[in-house]
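S.K.: Dropping the sequence and predicted coords here.
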Amino acid sequence: LSIRGGTFKGTLDKLEAYLDPGYILDESGEVMVDPNAASVAQIGGEKFPSIQAAVKAAKTGETITLLTNVSDVETIIIDNGKEIDFDLAGHNIEFTPGSRFEVQHGRLELLGKGEVCEKGPTFAPVVVRGAKTDLGPNYSTVVIGKDVTVRGWAGIAVDYHRQTAAAAAVEASYGAAVEVNGTLISVPDSTESGSAIYVQGRVKATEGNVPKITVNSSAYLKATGTMSAGIYQAGYADTVINSAAIEAADADSVGIEIRAGKLTIEGNTVIKGGTGGYEVGSNGDGSTTKNAAVAVAQHGTSLPIEVTINGGSFEATCAFSQSTPQDHSKPEDIVVTIQSGEFVGEIDSEDKIDFIHGGSYSDPVNSDYLDNTLNAQMYSTNRSPDAPYSYYHTVQEALDSAQPGDNIVDLNNPPDENTPKFTLTLKP
């Protein structure tokens, strides 16, 4: 309960506890703006003593501008289809532990320059909840501007549709949409590390307007702490990474772990994971994989997974990992396709074969992982010093791409100790 106006009669001694910041109760019982309260936000020419008051007053399409740094902010809910642009204007918002921007039905765009954070890492300073039934796309939308930093246990959390204690929760988040152009930073709480983007594992709807997450080229996702993740997608969402930077390089951390849903990686995306010992273990309530750039690890919910990598660079002890660490796994519902990219680290797959169609690699790739039309291997430090191994459909195709000093192997007739060795010199 929050009170920002009205006139009250009767016993009023407990009413003040429910007044929004910047409001007072006068002697007549009227709630009014505290004349001594500093303005913290404005819409056009009208100023407000609290962010909550500005959000309540804002009409769809209006911009709220922050006037100063604000701390100890309680939860702000965007609902009823309201669409708000929030210009931080060089200032910061610090929520009390457990409080946040929560978009339940509407649109929030954070723009300008500034930071939104939790006073103590608890969950996330920005939470998106979609609808319990499919009411179309963009039911609950968050856009993070390129100069905005969001910092918390998770930077952004996509949660399922929770109801009152008396009503059953609906394990869906239809129409949730997140677009990231800025910086998301995950910091550990008192017991465990989080992720820059977190999709709750009880988001289970797999058809229709499932949650959409887009991470664009100006975005930077950073996870800190042991066993943290740049993105931890436990529930079902459709995520596209396009030339963004994702870093989770602390001990036992993973750049992206997807346990359900879709993941497409495009362009010049850079993903870094930890460099300690690579390990996969069962975990029904958190990350399963240590020290990987991209980890595909189907959850115990056994939801489908589809991963497509069309480009980017991936660096960790294990550059790409696929596993089914939980009981009731359905590896037949996992689809992996690697078309391109630079992979520095091990490639490991528990269940999938024939999924690599291109790319360059720091070490020779297990032939089971190669598409069965790839028949030649090239070793070339000229092309990629860190990932010199690449694969071609024919030896002739590899020769056509070769440079002086490159080494080509016919995978249908691999060399052994008795194979004669020749030096091929290519004329300029």
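M.R.: Yep, it's here.
S.K.: Could you use CA atoms for every contact and neighbour count after this?
M.R.: Noted.
S.K.: in the stretch 51-200 of the chain, which ranges drop under the pLDDT threshold?
M.R.: Applying pLDDT under 70 to the stretch 51-200 of the chain flags the ranges 162-169.
S.K.: Neighbours of the residue lying closest to residue 349 once chain neighbours are set aside, how many?
M.R.: Once flanking residues are discounted, residue 349 sits nearest to residue 322: 4.5 Å by CA to CA, 6 or more residues apart in numbering. By the measure other CA atoms under 10 Å, the count of residues near residue 322 is 23.
S.K.: quick one, what contacts residue 322?
M.R.: Neighbouring residues of residue 322 by CA atoms under 8 Å, 6 or more residues apart in numbering: 295, 296, 297, 348, 349, 350, 351, 352.
S.K.: Dump these to a markdown table, plus distance to residue 312, pLDDT and secondary structure.
M.R.: Output for the contacts of residue 322, formatted as a markdown table (distance: CA to CA, whole Å; pLDDT from 0 to 100; DSSP: H, G, I helix; E, B strand; the rest coil):
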| residue | distance to residue 312 | pLDDT | secondary structure |
| --- | --- | --- | --- |
| 295 | 15 | 98 | strand |
| 296 | 17 | 98 | strand |
| 297 | 20 | 96 | strand |
| 348 | 18 | 98 | strand |
| 349 | 19 | 98 | strand |
| 350 | 23 | 96 | coil |
| 351 | 23 | 96 | coil |
| 352 | 21 | 97 | coil |
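S.K.: Quick check on those: which are buried?
M.R.: Among the contacts of residue 322, those buried by neighbour count (16 or more other CA atoms under 10 Å) are 295, 296, 297, 348, 349, 352.
S.K.: surely the second one meets residue 321?
M.R.: Yes - contact between residue 296 and residue 321 holds when scored by CA atoms under 8 Å: they sit 6.0 Å apart.
S.K.: For residue 53, which three-state class applies?
M.R.: helix (DSSP: H, G, I helix; E, B strand; the rest coil).
S.K.: beta partners of residue 197?
M.R.: residue 156, residue 231 (DSSP bridges).
S.K.: Assumed the residue nearest to residue 349 was part of a strand.
M.R.: Yes - counting by three-state DSSP, one finds residue 322 located in a strand.
S.K.: Can you give me the pLDDT of it?
M.R.: pLDDT for residue 322: 98.
S.K.: do you know how far it is from residue 351?
M.R.: Distance of residue 322 to residue 351, given as CA to CA, to the nearest Å: 7 Å.
S.K.: Same check on residue 281?
M.R.: Relative to residue 351, and taking CA to CA, residue 281 is found at 15 Å.
S.K.: Kindly report the same for residue 381.
M.R.: Plainly put, residue 381 is 31 Å away from residue 351 if you go by CA to CA.
S.K.: cool, and residue 156?
M.R.: Separation of residue 156 from residue 351 (CA to CA) stands at 31 Å.
S.K.: same check, this time on residue 185
M.R.: Separation of residue 185 from residue 351 (CA to CA): 33 Å.
S.K.: Grab the nearest non-local neighbour of residue 279.
M.R.: In space, residue 279 is closest to residue 290, 5.2 Å off (CA to CA, 6+ apart).
S.K.: what sits against the one you found?
M.R.: Residue 290 touches 227, 252, 253, 254, 274, 276, 277, 278, 279, 280, counting by CA under 8 Å, 6+ apart.
S.K.: likewise residue 275?
M.R.: Neighbour list for residue 275: 249, 251, 252, 291, 292, 316, 317 [criterion: CA under 8 Å, 6+ apart].
S.K.: ok, and the closest non-adjacent residue to it?
M.R.: Using CA to CA, 6+ apart, the closest residue to residue 275 is residue 317 (4.7 Å).
S.K.: check which helix or strand covers the one you found.
M.R.: strand 313-323 (DSSP states H and E).
S.K.: Neighbouring strands of that strand in the sheet, and parallel or not?
M.R.: As assigned by DSSP bridges, strand 313-323 forms pairs with strand 270-272 (parallel), strand 292-297 (parallel), strand 342-349 (parallel).
S.K.: List the buried residues in the first one.
M.R.: Within strand 270-272, the residues scored as buried using 16+ other CA under 10 Å are 270, 271, 272.
S.K.: unless I'm mixing things up, the second one is touching residue 315, no?
M.R.: Yes - contact between residue 271 and residue 315 holds when scored by CA under 8 Å: they sit 6.4 Å apart.
S.K.: Common neighbours of these two, please.
M.R.: Contact criterion CA under 8 Å, 6+ apart; residues shared by residue 271 and residue 315: residue 293.
S.K.: picking that back up, got the strands paired with strand 313-323 as JSON lines, with distance to residue 215 columns?
M.R.: What follows is the strands paired with strand 313-323, written out as JSON lines (distance: least, CA to CA, whole Å):
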{"stretch": "strand 270-272", "distance to residue 215": "12"}
{"stretch": "strand 292-297", "distance to residue 215": "15"}
{"stretch": "strand 342-349", "distance to residue 215": "20"}
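S.K.: right, and those - which one's nearest residue 86?
M.R.: Across the strands paired with strand 313-323, residue 86 has its closest neighbour in strand 270-272 (29.2 Å, CA to CA).
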